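Asks: quick one: sequence and predicted model below, then my questions.
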Amino acid sequence: MTDFTFLSQFWEGFNVTQTQKTDSLVTFTLEPSSDGRCHCGLKCNSVHDSTWRTINDASFLNHRVRLNVLTRLINCPQCGVITEAIQWLEPHSRMTARLRNYVEGLLRVLPIKHISQHTGLHWHTIKEIDKRRLAREVKGPDWSSITKLVMDEFAVFKGHRYATVIVDADTYQVLWIGEGRSRKQIRPFFEMLGEHCKNIEAVAMDMNTAFDLEVQQHCPNATIVYDLFHVVAKYGREVIDRVRIDQANKLKHDKKARKWVKRSRWVLLKNRENLTAGQENHLDTLLAMNKDLMTTYILGEQLKELWYCESIEQSQSLWELWWQQVQDSKLKPLLDFARKLKPYIHGIVSSAKYRLNTCTLEGMNNKIKLIKRMAYGYRDSEYFFLKIKAAFPGKAR
């Protein structure tokens, strides 16, 4: 009979009594070598029942390891009939602590699918390991030190399903994520913030009325700051694109000029400093030949200046000048846009005092998309949100 005593050191309290080996799998049979021990710490020599369990362990010399373990129900004087405590195995688990630790290490560098192929464990088993690890490692913020917030939304799935993410504007730590973007759906964050709501000085967001109203209700000292990126993007969609299409339609008799205008979308929307020499020449020629596009482009550039004023008074004065120029332009897309923008001017001029924006969150969204791709989509939103929080733990103040 083969002596497996030297292997028993890997599984404390058990002896290896049998081993079987194939090309890719080694199976060890383990039987108890001492009295059972209860989870309360008491040793018990009275066995109520026993059963064989199949347990996975970490690979050994490129072979997967499987254990057939004889586990016992013991009679504990203090706890009654209970499954014995095994130091290297969590209660009801089908894998050893060694394998769990190994998988947790792999999860820091590899996607779940690759780990599943490597270890032979099911995708969902690995996901639950990762979820427990993240819940253990993701640390909550110091709520009392938070004074500025950034709020934004991102797509969770296709079909207009969104989630809201709230970030500490000073440390870039993700504080909270929740499905949806309505007042009711973001309210749990402010309820969690509790008495610290009074410490919030400023909140950056896009022009989302639900966000605005909820902040005003819970954070009486907070100033709303509307983000430049979203306003400029909205201006591009609703004004520049509309005027460009209208001008192209007026040039049906001149196919060459019409084609020139129709293909000018990106040179009109890109920042001038990002244009190539050829694109810049294209833009200058286009603006010189079309007055309405020239007006739209110049007013778009002037609109951006509202976010870079040195004082709220200067920003307010610039807004009034911009408003008057829009009225003088008589361009309907411009007039419609300015009319819809006017109720939000308080959050635009406040950017002169608080230099906040959601550009950081736009960068975060790219990493969020990468996290989704690595897992080929998430059906468990709680797990997905934990992954995001772990990816953005924040920096030291």
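Replies: Everything's here; your move.
Asks: which residue sits closest to Met95, ignoring its sequence neighbours?
Replies: Closest residue to Met95 apart from its sequence neighbours, by C-beta to C-beta, 6 or more residues apart in numbering: Asn56 at 4.5 Å. Quick note: C-beta positions are derived from backbone N, CA and C, even for glycine.
Asks: could you give the average pLDDT over the strand or helix carrying Phe229?
Replies: With elements taken from DSSP states H and E, the one containing Phe229 is helix 228-235. For helix 228-235, mean pLDDT is 89.
Asks: could you do stretch 131-140 as well?
Replies: 90.
Asks: quick one: the strands in the stretch 51-200 of the chain?
Replies: Per DSSP state E, counting those that start in this stretch, the stretch 51-200 of the chain carries strands over the ranges 63-76, 80-83, 148-157, 161-168, 174-179.
Asks: buried sites along the fourth one?
Replies: Neighbour-count burial for strand 161-168, counted by 16 or more other C-beta atoms under 10 Å, picks out 163-168.
Asks: for the closest residue to Leu341 other than its chain neighbours, what are its contacts?
Replies: Using C-beta to C-beta, 6+ apart and skipping the chain neighbours, the partner closest in space to Leu341 is Val231 (7.3 Å). The contact partners of Val231, by C-beta atoms under 8 Å, 6 or more residues apart in numbering, come to 206-207, 303, 341, 348.
Asks: same thing but 10 Å
Replies: Applying C-beta atoms under 10 Å, 6 or more residues apart in numbering to Val231 gives the contacts 206-207, 303-304, 306-307, 337, 341, 344, 347-348.
Asks: what segments of the stretch 201-350 of the chain are helices?
Replies: 209-218, 228-235, 241-250, 255-262, 265-269, 277-289, 291-304, 312-329, 332-341, 345-349 (DSSP state H, counting those that start in this stretch).
Asks: among the ones you listed, which is nearest Ser24?
Replies: helix 228-235 (52.6 Å; C-beta to C-beta).
Asks: which of the helices of the stretch 201-350 of the chain sits most buried?
Replies: Comparing those by mean neighbour count (mean count of other C-beta atoms under 10 Å), helix 345-349 ranks first with a mean of 19.
Asks: ok, now how distant is Lys148 from Phe392?
Replies: For Lys148, the distance to Phe392 equals 16 Å [C-beta to C-beta, to the nearest Å].
Asks: JSON lines for the strands of the stretch 51-200 of the chain, including distance to Met95 and mean pLDDT?
Replies: Below are those laid out as JSON lines (distance: least, C-beta to C-beta, whole Å; pLDDT from 0 to 100):
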{"stretch": "strand 63-76", "distance to Met95": "10", "mean pLDDT": "88"}
{"stretch": "strand 80-83", "distance to Met95": "16", "mean pLDDT": "88"}
{"stretch": "strand 148-157", "distance to Met95": "30", "mean pLDDT": "85"}
{"stretch": "strand 161-168", "distance to Met95": "32", "mean pLDDT": "89"}
{"stretch": "strand 174-179", "distance to Met95": "29", "mean pLDDT": "92"}
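Asks: same list (those) but as CSV, adding distance to Glu382.
Replies: Listed next are the strands of the stretch 51-200 of the chain as CSV, based on distance: least, C-beta to C-beta, whole Å:
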stretch, distance to Glu382
strand 63-76, 30
strand 80-83, 29
strand 148-157, 12
strand 161-168, 11
strand 174-179, 10
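Asks: which of those strands sits closest to Leu321?
Replies: Per C-beta to C-beta, nearest to Leu321 of the strands of the stretch 51-200 of the chain: strand 148-157, 29.1 Å.
Asks: how far off centre is that closest one?
Replies: Computed by C-alpha atoms, centre = their mean, to the nearest Å, the chain-centroid distance of strand 148-157 equals 8 Å.
Asks: need phi/psi at Gly180.
Replies: Note on Gly180: its backbone torsions stand at phi 90, psi 180 [degrees, to the nearest 10].
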